[in-house]
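*Asks:* dropping a prediction and its sequence here:
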Amino acid sequence: MTGRLRAFGAFWYDFIVGDDWRGAAAVALALAATALLVRAAGVNAWWLTPACVIAALGWSLRRATTGRP
Amino acid sequence: MNALPLAATVFVACAVEAVEALTIVLAAGLTREWRSTFQGMGAALAVLAAVVAVAGPVLTLIPLAPLRLIVGGLLAVFGLQWLRKAILRASGHRDLHDEEGIYARQVAAARAAAGGRRGWVNDWYAFTLSFKGVLLEGLEVVFIAITFGASQQDVGLAALSALAAVVVVAAVGVAVHAPLSRVPENSMKFAVGVMLTSFGVFWGAEGAGASWPGDDAALLVIVPLVLLVALGYTALLRRAGALAPAGAKEAAR
């Protein structure tokens, strides 16, 4: 039973997140920071998510092609 | 927002996945047995229809802001995954998706595998090969169609676009009777990755409470921006490709 649950979780992880979890983490952090800036500081941080996503893509590609962090 | 980007993105994404599913179905049907292959395909389509029937209405019950935050985040993550692979392939750091090669491997495996009847299925291998192929590729289609449709509050249009793509690919597959190796899959995946990432960013930030300058018109800037950045990364990696050590290149999956 535990094995099946693990396999089920692994399938969905691979389906959504794929090869590099850092991209998913960057998107989650960017959206959380945007919500925080909008709600807590009153800053309309529409620019934050695209900037983080573009940076995350570059970082992920760099890691994939050079093996460097 | 104009419904055209929604319909076009879902259509292209679904066409790519349908081409991949067609390769597996053809390998199973032409080398094993068509009846069991169609049974497997039918069973997978029934599961996918059940997923749509359950998830579609559930998503429409969620208020728009949290829905767009969740769906936007998922689409951005999913889009980044597609875009990353497409850029690595376009820049030569990963092998291009080769439908003919995949078809040849599937055919060889199907010929070598033992047969066997189970219940009302004559050839269990053909059934499971077809079932798994259609279900796995179909799940991506369902995911994109439902998330796009729910965020745009037009699940019907998204479902129609997905269905149209599947029908077109199936019709071409029946006519050609071979894997559709001439379809520019990587270019299509590149375009879909750009669209998924752009819409994900747009809806995600909106769901998080931000207001885009120009509202929906902001997409007219976000989509070209993501496209330009992706093309820029591709060009940079192409140039760096000659300098990179062979071991650093990603193995084809």
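*Replies:* Sure thing, it's come through.
*Asks:* run the chain-centre distance for the one helix or strand B:Arg105 maps to.
*Replies:* Taking DSSP states H and E as the criterion, B:Arg105 maps to helix B:99-112. With CA atoms, centre = their mean, to the nearest Å as the basis, helix B:99-112 stands 21 Å off its chain's centre.
*Asks:* one more: stretch B:220-235?
*Replies:* Taking CA atoms, centre = their mean, the mean C-alpha location of stretch B:220-235 is offset from the chain mean by 20 Å.
*Asks:* B:Phe38: how many residues sit nearby?
*Replies:* Neighbourhood size, B:Phe38 [other CB atoms under 10 Å in any protein chain shown]: 16. Just so you know, the C-beta spots here come from the backbone N, C-alpha and C atoms, and that holds for glycine as well.
*Asks:* tell me how far B:Val155 lies from B:Phe148.
*Replies:* For B:Val155, the distance to B:Phe148 (CB to CB, to the nearest Å) stands at 9 Å.
*Asks:* of the two, give the one with the bigger neighbour count.
*Replies:* For the pair B:Val155 and B:Phe148, the greater number of neighbours falls to B:Phe148 (27 against 21), based on other CB under 10 Å.
*Asks:* okay but that one is in contact with B:Ala8, surely?
*Replies:* No: using CB atoms under 8 Å, B:Phe148 makes no contact with B:Ala8, being 10.6 Å away.
*Asks:* which residues touch stretch B:231-241?
*Replies:* Residues from elsewhere that reach stretch B:231-241, judged by CB atoms under 8 Å, 6 or more residues apart in numbering or on different chains: A:57-58, A:61, A:65, B:87-88, B:90-93.
*Asks:* what is the mean pLDDT for it?
*Replies:* The pLDDT scores in stretch B:231-241 average 89.
*Asks:* and what of stretch B:33-51?
*Replies:* Mean predicted lDDT for stretch B:33-51 stands at 90.
*Asks:* what's in contact with stretch B:48-62?
*Replies:* Residues from elsewhere that reach stretch B:48-62 (CB under 8 Å, 6+ apart): B:67, B:70-71, B:134-135, B:138-139, B:141-142, B:145-147, B:149-150, B:153, B:155, B:159.
*Asks:* name the residues of the stretch 151-253 of chain B found near chain A, please.
*Replies:* Selection of the stretch 151-253 of chain B residues close to chain A by CB under 8 Å from any CB of the partner chain yields B:197, B:200-201, B:204-205, B:207-213, B:218, B:222, B:225-226, B:229-230, B:233, B:237, B:240-241, B:244, B:248-250.
*Asks:* show me which of those residues are buried.
*Replies:* The neighbour count (16 or more other CB atoms under 10 Å in any protein chain shown) marks B:197, B:200-201, B:204-205, B:207-210, B:212, B:218, B:222, B:226, B:229-230, B:233, B:237, B:240, B:244, B:248-250 as buried among those.
*Asks:* could I get the contacting residues of the residue of the stretch 51-200 of chain B found nearest chain A?
*Replies:* Nearest to chain A, among the residues of the stretch 51-200 of chain B, is B:Gln81, at 3.8 Å (CB to the nearest CB). By CB under 8 Å, 6+ apart, B:Gln81 lies in contact with A:16-20, A:23, B:193.
*Asks:* what about dumping the CA coordinates of stretch B:118-130 to CSV?
*Replies:* As requested, the backbone C-alpha atoms of stretch B:118-130 are provided in CSV (Å, rounded to 0.1, in the frame of the first residue of the first chain):
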residue,chain,number,x,y,z
ARG,B,118,-7.1,-11.9,-20.0
GLY,B,119,-10.9,-11.8,-19.6
TRP,B,120,-12.4,-10.0,-22.6
VAL,B,121,-9.0,-8.9,-23.9
ASN,B,122,-7.4,-11.1,-26.5
ASP,B,123,-3.9,-9.6,-26.3
TRP,B,124,-3.1,-8.1,-22.9
TYR,B,125,0.2,-6.6,-24.1
ALA,B,126,-1.4,-4.6,-26.9
PHE,B,127,-4.2,-3.5,-24.4
THR,B,128,-1.8,-2.3,-21.7
LEU,B,129,0.6,-0.6,-24.2
SER,B,130,-2.2,1.3,-25.8
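*Asks:* gap between that stretch and the chain center?
*Replies:* With CA atoms, centre = their mean, you get 25 Å for stretch B:118-130.
*Asks:* with stretch B:236-243 instead?
*Replies:* Per CA atoms, centre = their mean, the centroid offset for stretch B:236-243 relative to its chain is 27 Å.
*Asks:* kindly export it (C-alpha atoms) in CSV.
*Replies:* Output in CSV follows, covering the C-alpha atoms of stretch B:236-243 (Å, rounded to 0.1, in the frame of the first residue of the first chain):
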residue,chain,number,x,y,z
LEU,B,236,23.2,31.4,-26.0
LEU,B,237,23.2,27.7,-25.4
ARG,B,238,23.8,27.0,-29.1
ARG,B,239,26.9,29.1,-28.9
ALA,B,240,28.0,27.6,-25.6
GLY,B,241,27.2,24.1,-26.9
ALA,B,242,30.5,23.8,-28.8
LEU,B,243,32.4,24.7,-25.7
